[in-house]
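Enquirer: generate a structure from the sequence data that follows.
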Amino acid sequence: MLEVATRRRTQAPPPHVVLAALVHPDRDPGRPWLHLLDGERRPVVVGAGSPRTVLWTSLWDERPDARVRFDAQPRDGGTDLRWTLLVHPPAPDAATTRRLRRRLDELVNRDLRSTFDQ
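Expert: Sure thing, here's the model as predicted:
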């Protein structure tokens, strides 16, 4: 698979809390964060390569082959979280890549992060 986008940001909680939220996004109904748009689907966790890695299926109907890998490392009491968008060739065009990257950034680095700030 090709890595077409990646982003790393810190999250306040430790890795086990962040990864639990990624594996079970609806676990805390008082802190919803995975709000899907038209053309998006609920991802399924298809693997965990290590205690600090989670792999999702695609979020997008248009790219059912896509995967999102999350890698979490401890950092200053919180988590250094990197998401990576993986696709089978051919890679999407630049505009599509930007749109998918922006959407993942919104979900993970805005919406998920905001649930931890409540």
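Enquirer: got the residue ranges for the helices in this structure?
Expert: Per DSSP state H, the chain carries helices over the ranges 15-23, 94-105, 113-116.
Enquirer: out of the ones you listed, deepest packed?
Expert: helix 15-23 (a mean of 18; mean count of other Cβ atoms under 10 Å). Any C-beta I mention is one placed from the backbone N, CA and C, and that applies to glycine too.
Enquirer: quick check: closest non-adjacent residue to residue 70.
Expert: residue 54 (4.5 Å; Cβ to Cβ, 6 or more residues apart in numbering).
Enquirer: now for residue 106, how many residues are close by?
Expert: 13 (other Cβ atoms under 10 Å).
Enquirer: err, residue 80, not the other one
Expert: 17.
Enquirer: and it, what pLDDT?
Expert: Turning to residue 80, the model gives it a pLDDT of 97.
Enquirer: which strand residues bridge it?
Expert: residue 10, residue 73 (DSSP bridges).
Enquirer: which residues touch it?
Expert: 8, 10, 72, 73, 74 (Cβ atoms under 8 Å, 6 or more residues apart in numbering).
Enquirer: can you put these in CSV and add distance to residue 91 and pLDDT?
Expert: Listed next are these as CSV, based on distance: Cβ to Cβ, whole Å; pLDDT from 0 to 100:
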residue, distance to residue 91, pLDDT
8, 21, 97
10, 28, 94
72, 26, 96
73, 27, 96
74, 32, 95
